[in-house]
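J.: The amino acid sequence is not available; the structure is as follows:
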């Protein structure tokens, strides 16, 4: 019998880093940021956000961003193949009450996005990633009770159950959502990051001031 090898062609990285904040730091930040989340969500009455915050606007968040920096840089090197300077250009709080959900979306105008979990997260409300819609897959489906889901045919992927203080990094183009929260209040920080420049064989773009 001849050898058979399956290759993971063009894999998409998603990275979980445990304990970026300890439990006490996460709880304190969650309590503080929950009061800042006053912007309603037009798709779920049980979801609210803070306004977008940039560098230098909040000392506590600047300390957190400093901790995120090395992880973002390492992850960015995986995506772009070069060690570049990265800037967390915006960060915001999300507060999801029981019964709320976050609709399917991705993040524009960035390359690396992330979520810092500040409270325990019920299994029902783990971050859910979905395949891109259209253009890169078969037009027909073979999906029924007898099919076996694997990494090559799955249409969605549920992130590992996070602990308070954990960080999840992913490419900004990935579609993701939060299903209906059947647990308690869920507080997270989300952010977007960009490199200082891109260089496509001499066609260079500066992305930071």
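T.: Yes, it's here. Given the structure is predicted, the values throughout are model-derived calculations rather than measurements.
J.: and residue 168, how many neighbours does it have?
T.: 22 (other CB atoms under 10 Å). For every residue, glycine as well, the C-beta is placed using N, CA and C.
J.: same thing with the one 4 residues further on?
T.: By other CB under 10 Å, 17 other residues sit near residue 172.
J.: ok, it to residue 111 distance?
T.: Plainly put, residue 172 is 6 Å away from residue 111 if you go by CB to CB, to the nearest Å.
J.: Likewise for residue 100?
T.: Taken as CB to CB, the span from residue 100 to residue 111 is 28 Å.
J.: Repeat that for residue 143.
T.: Distance from residue 143 to residue 111, by CB to CB: 32 Å.
J.: quick one, which of these two is more surrounded?
T.: residue 111 (21 against 10).
J.: Phi, psi for that one please.
T.: phi -120, psi -40 (degrees, to the nearest 10).
J.: Now do the contacts for it.
T.: 76, 79, 80, 171, 172, 193, 194, 195 (CB atoms under 8 Å, 6 or more residues apart in numbering).
J.: low-confidence ranges in this structure?
T.: Residues of the chain meeting the criterion pLDDT under 70: 1, 134-136.
J.: So for it, the centremost residue is which one?
T.: residue 114 (3.7 Å; CA atoms, centre = their mean).
J.: can you give me phi and psi for it?
T.: According to degrees, to the nearest 10, residue 114 has phi -150, psi 160.
J.: Now do it against residue 5, distance only.
T.: Counting by CB to CB, the gap from residue 114 to residue 5 is 34 Å.
J.: ok so, going back, for the contacts of residue 111, which one is nearest residue 104?
T.: Using CB to CB, residue 172 is the member of those that lies nearest residue 104, at 14.4 Å.
J.: Quick check: phi and psi on the residue lying closest to the residue nearest to the centre of the chain once chain neighbours are set aside?
T.: Spatial nearest neighbour of residue 114, chain neighbours left out: residue 169 (4.7 Å); criterion: CB to CB, 6 or more residues apart in numbering. With angles defined as degrees, to the nearest 10, residue 169 sits at phi -110, psi 140.
J.: Identify the bridge partners of residue 169.
T.: Assessed by DSSP bridges, residue 169 has beta-bridge partners residue 15, residue 114.
J.: mind listing what it touches?
T.: 14, 15, 16, 17, 71, 72, 75, 112, 113, 114.
J.: What of residue 90?
T.: Residue 90 neighbours (CB under 8 Å, 6+ apart): 52, 53, 54, 191, 192.
J.: Looks to me like it is in a helix.
T.: No - assignment of residue 90 by DSSP: H, G, I helix; E, B strand; the rest coil gives strand, placing it outside any helix.
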